[in-house]
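Student: sharing a sequence plus its predicted fold:
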Amino acid sequence: MAAPGPVGVLLALRGAPEEDLVRRLAADPDLTVVRRCADLAEVTAAVVAGLGPVAVLDAELGVDRTLVDRLRGHGARTIVCCDAADVPRYDALGALALDREVDPVPAIRSLAEATDDVERVAGLLGPQRTGAPGPGADEPPASATLPGATPAELPASRSARRRRERGGGMPEAERAKAPRLVVVTGATGSPGRSTIAINLAHELAHHGEPTVLIDADLWGGAIAQTLGLLAETAGLSAAVRAADHGTLDVPSFTRLAPRVADGLRVLPGLARAARWREVSAVSLEAVLDTAKQTASWVVVEAPVLIPEDESGLSLGPGRNDVARCLLHAAEEIVVVGAAEPIGIERLVQALLDLDDLALSGSRRVLVNRLRTSAAGPRAADSVAEALLRFAGAADPVLIPDDRALCDRALLAGTTWREAGGRSPARSALTELAGELRAAAGRPVPAGVRGLGRLLPPLRRRAAAH
């Protein structure tokens, strides 16, 4: 049932085009201009106030991905009037882009209908959005439906594309080739999240599968420092800015993510934690999509999730938004905790908080720095029993404490594998990397199979429970 009365339209254009559009919309009984905005801040305020579900904006005002997503979050769809050459770029931001020379009224009518979304309308209008003649160019552009058009012929929605990429309805052979996102997170105060992310990424990359490591810990990333990368490396902030403006592509991403080992690139995190507001969830999604075009594995250290931390901040990016974005996008989630009483208590609470998110990715619990001095004489059994009893987490990955290896790698600015020497800690991570490969339907290197037999009794006993 159509909403009573005309649909409100917000305008933020410049000069004669706005005057002409106002006159034309005034003659349309189903549409009405509710506000002519001077800038994007006024547009945002009007959308938040619920004044109109369609916003028509001039690209010269500085439209970016974060703005489009923010307006969408408050129920408004965005049309961007731009130069013909920029139509694909603004489409990639999630807006409906139109050449300035194209009549925007048909697009406004289509978006005003509750059943239409931006991608569907873009597909219906086709080449007419850039002024190029397309099929049926002599006919009025369609609104809700086109004769002969079926849903299968229209562009897939973003969520549908992601479901296919995650393996839903995808053939097994194709799923095994699809890039995989591994998110490393943990409880507040969990030691070694960066160390685990770095070394897990290197183990995945070691056997010929290109891997990208991204430091998205907005509370205080340390991956660049751990690997001895220069402090002035732009990394995440530059990638997010490019994604925000629709200019991030594979060449620019690889320039921002230097190669630190064979098959392993690293996108460093923020130089200062105070700049966390520069990173929005929607732009980070675009960074992840680009990273997946360059690698078989994308390993991300995520911010610690603090429930209800930003429940009242809806007009800007939040660290929790980024954490949720990563956790919901991940195929594999590695939750890190400390092998001591306080660390286990925090880990249990973190696991319960993650349960509330109803995540679809596989979850693996990793307990770091396992040692008898902090967890008792039967450290592995004690940790495994506590996690099973209080969080329902079976078969945790246990990383024995190896201070000498960690110090050697940190001093050299390298990974455990490159630091050399046999280590139960590194063997446990190598085994985890093999498990991730197996879960993805990829071959596990022969040297990794049965690696648990090389591990100390504490790891084998925990796996038996």
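Tutor: Sure thing, it's come through. Numbers count the residues shown, from 1 in each chain.
Student: looking at Lys177 now. What's its pLDDT?
Tutor: Lys177 carries a pLDDT value of 80.
Student: so what's the residue count around it?
Tutor: By the measure other CB atoms under 10 Å, the count of residues near Lys177 is 12. (Each C-beta comes from the backbone N, C-alpha and C, glycine too.)
Student: next one: Arg408
Tutor: Using other CB under 10 Å, Arg408 has 17 neighbouring residues.
Student: helix/strand/coil for it?
Tutor: Secondary structure for Arg408, judged by DSSP: H, G, I helix; E, B strand; the rest coil, is helix.
Student: once you drop chain neighbours, what's closest to it?
Tutor: Ala419 (4.7 Å; CB to CB, 6 or more residues apart in numbering).
Student: and if you look at Leu370?
Tutor: Closest to Leu370 by CB to CB, 6+ apart is Ala339, at 4.2 Å.
Student: sorry, back to before: contacts only, for the residue nearest to Arg408.
Tutor: If a contact means CB atoms under 8 Å, 6 or more residues apart in numbering, then Ala419 has 405, 408-409, 412 as its contacts.
Student: can you read off the pLDDT for it?
Tutor: 93.
Student: what of the one 3 residues further on?
Tutor: Residue-level confidence at Arg422 comes out at 84, pLDDT.
Student: doesn't it belong to a helix?
Tutor: No. Counting by three-state DSSP, Arg422 is not found in a helix; it is coil.
Student: what is the neighbour count of it?
Tutor: Arg422, neighbours per other CB under 10 Å, totals 8.
Student: measure it to Asp402 for me?
Tutor: To Asp402, Arg422 is 10 Å away according to CB to CB, to the nearest Å.
Student: ok, Leu432 next?
Tutor: 15 Å.
Student: ok, now Ala295?
Tutor: Distance, Ala295 to Asp402, using CB to CB: 28 Å.
Student: now Arg259
Tutor: 26 Å.
Student: more neighbours, these two?
Tutor: Asp402 (20 against 11).
Student: per-residue pLDDT, that one?
Tutor: According to the prediction, Asp402 has pLDDT 95.
Student: which residues touch it?
Tutor: Contact analysis of Asp402 by CB under 8 Å, 6+ apart lists 423-426.
Student: if we use 6 Å, what do you get?
Tutor: Going by CB atoms under 6 Å, 6 or more residues apart in numbering, Asp402 touches 423, 425.
Student: tell me how far the closest residue in space to Asp83 that isn't next to it in sequence lies from Gly15.
Tutor: Leaving out its chain neighbours, the residue that sits closest to Asp83 by CB to CB, 6+ apart is Arg100, at 6.7 Å. Remark: distance between Arg100 and Gly15 (CB to CB) = 11 Å.
Student: more neighbours: which of those two?
Tutor: For Arg100 and Gly15, the more surrounded residue by other CB under 10 Å is Arg100, and the numbers stand at 15 against 8.
Student: do I have it right that the more buried one meets Cys81?
Tutor: Yes. In this structure, Arg100 is within contact of Cys81 by CB atoms under 6 Å, at 5.1 Å.
Student: thinking again about what came up before, residues near the residue nearest to Leu370, how many?
Tutor: 25.
Student: contacts only, for it.
Tutor: Ala339 neighbours (CB under 6 Å, 6+ apart): 367, 369-370, 375, 383.
Student: one more time with 7 Å
Tutor: Ala339 sits next to 367-371, 374-375, 379, 383 when contact means CB atoms under 7 Å, 6 or more residues apart in numbering.
Student: likewise for Ala374?
Tutor: Applying CB under 7 Å, 6+ apart, one finds that Ala374 lies in contact with 339-340.
Student: cutoff 6 Å now
Tutor: Glu340.
Student: gap between it and Gly343?
Tutor: Going from Ala374 to Gly343 by CB to CB gives 8 Å.
Student: list the buried residues in stretch 83-99.
Tutor: Neighbour counts over stretch 83-99 (16 or more other CB atoms under 10 Å) mark 84, 86-87, 89-99 as buried.
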